[in-house]
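Peer 1: whatever this is, show me its structure:
(one chain, ligands or ions: 1)
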Amino acid sequence: MIRFEDVTKVYTRGARPALDDVAVDIERGEFVFLVGQSGSGKSTFLKLVLREERPTGGRVFVAGRDLSSLSSWRVPQLRRQIGVVFQDFRLLPNKTVQENVAFAMQVIGEPRHAIRLRVPEVLELVGLDGKEKRHPEELSGGEQQRVAIARAMVNRPQILLADEPTGNLDPTTSLGITRLLDRINRNGTTIVMATHDDEMVDELRKRVIELKDGEVVRDESRGVYGSER
Ligand SMILES: Nc1ncnc2c1ncn2[C@@H]1O[C@H](COP(=O)(O)OP(=O)(O)OP(=O)(O)O)[C@@H](O)[C@H]1O
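Peer 2: Next comes the predicted model:
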């Protein structure tokens with residue numbers, strides 16, 4: 001589903017590469033934790049999958065497509081297959097929960113009847129039924145992240161990328177969010193989650209890819225957060 005073939009990313013000529021000769025293959029349906037210290041290249045990895053950045057060397061494949069030969073007008077089509085969730089939720093403050101989620105369908109031109117059917121379904125999936133009419137400021141952090149996940153999932157993407165999705169949440173709430181992502185993964189969505197959340201990684205025992213200074217230093221199928229443990 002996602003393949004990096006000897007991918008190098010250099011932002012500034014002469015500087016150390018943000019990613020250095022990374023080769024990774026993520027199959028359809030996998031759940032992968034991407035770990036590593038701040039600056040190790042996790043966000044760069046996710047940006048390359050979305051083609052927000054392009055590699056300096058090597059090739060990135062997503063859902064069978066070589067992103068280096070993907071013309072710019074096809075990039076929106078690629079991104080439609082990828083849901084994205086961030087640490088800071090990025091909800092629209094002036095829209096209600098259901099409007100935030102519906103908006104993701106409106107921008108790609110889905111018809112109104114499809115939106116009316118799908119939005120309640122996905123809000124139920126993330127456990128937010130009953131809160132449809134609230135605004136983000138009337139929700140807890142965990143609930144706001146659930147809205148962001150509903151928005152990311154509403155168009156049924158094949159891949160969900162999560163960049164520190166529990167970074168602003170307390171441990172109990174984080175566990176709820178990670179369990180939700182696990183459930184979404186069990187329904188078939190491939191998930192890549194960049195995280196510093198060691199407890200979460202240790203609890204779920206999924207595949208762990210560790211980056212250090214842009215290089216993959218560990219790739220374990222049922223890993224823990226720190227290699228020394
Ligand atoms: N747009 C950019 N221009 C120049 N350098 C950049 C840019 N984006 C990232 N970098 C550099 O690339 C390296 C990897 O950064 P990246 O954001 O991928 O790390 P990260 O593992 O996601 O870090 P964090 O956990 O803090 O989010 C860092 O040295 C960073 O300074």
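
Peer 1: only C-alpha atoms from now on, for both contacts and neighbour counts.
Peer 2: Fine.

Peer 1: tell me the first helix or strand C-terminal of the lowest-mean-pLDDT helix or strand in the chain.
Peer 2: Across the helices and strands of the chain, mean pLDDT, DSSP states H and E gives its lowest value to helix 198-204, namely a mean of 89. Past helix 198-204, further along toward the C-terminus, the next helix or strand under DSSP states H and E is strand 207-212.

Peer 1: can that next one be found next to the ligand?
Peer 2: No. Against the ligand, strand 207-212 shows no contacts by CA under 6 Å from any ligand atom, the least distance being 7.6 Å.

Peer 1: quick one: list the elements packing against that strand.
Peer 2: Under the contact definition 3 or more CA pairs under 8 Å, 6 or more residues apart in numbering; DSSP states H and E, strand 207-212 sits against strand 31-35, strand 215-220.

Peer 1: picking up where we left off before, restrict the least confident helix or strand of the chain to CA atoms and write it as CSV.
Peer 2: Listed in CSV are the C-alpha atoms of helix 198-204, where the atom choice follows Å, rounded to 0.1, in the frame of the first residue of the first chain:
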residue,chain,number,x,y,z
ASP,A,198,5.4,5.1,24.5
GLU,A,199,2.6,3.7,26.6
MET,A,200,0.4,3.4,23.6
VAL,A,201,2.9,1.7,21.4
ASP,A,202,3.8,-0.8,24.2
GLU,A,203,0.1,-1.5,24.8
LEU,A,204,-0.9,-2.2,21.2
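
Peer 1: helix/strand/coil for the most centrally placed residue in the chain?
Peer 2: Most central in the chain under CA atoms, centre = their mean is residue 161, positioned 1.3 Å from the mean C-alpha point. Under DSSP: H, G, I helix; E, B strand; the rest coil, residue 161 falls in the strand class.

Peer 1: hang on, isn't it packed against residue 185?
Peer 2: No. With contact defined as CA atoms under 8 Å, residue 161 does not reach residue 185; the gap is 11.4 Å.

Peer 1: overlap of the contact sets of these two?
Peer 2: residue 191 (CA atoms under 8 Å, 6 or more residues apart in numbering).

Peer 1: got a list of contacts for the least confident helix or strand of the chain?
Peer 2: Where contact means CA under 8 Å, 6+ apart, the residues beyond helix 198-204 that reach it are 33, 174-175, 178, 208, 223-226.

Peer 1: what residues does the chain have near the ligand?
Peer 2: Within the chain, the positions near the ligand by CA under 6 Å from any ligand atom are 11-12, 18, 37-44.

Peer 1: are any of the residues you listed buried, and which?
Peer 2: Buried positions within the residues of the chain next to the ligand, assessed by neighbour count (16 or more other CA atoms under 10 Å), are 11, 18, 40-44.
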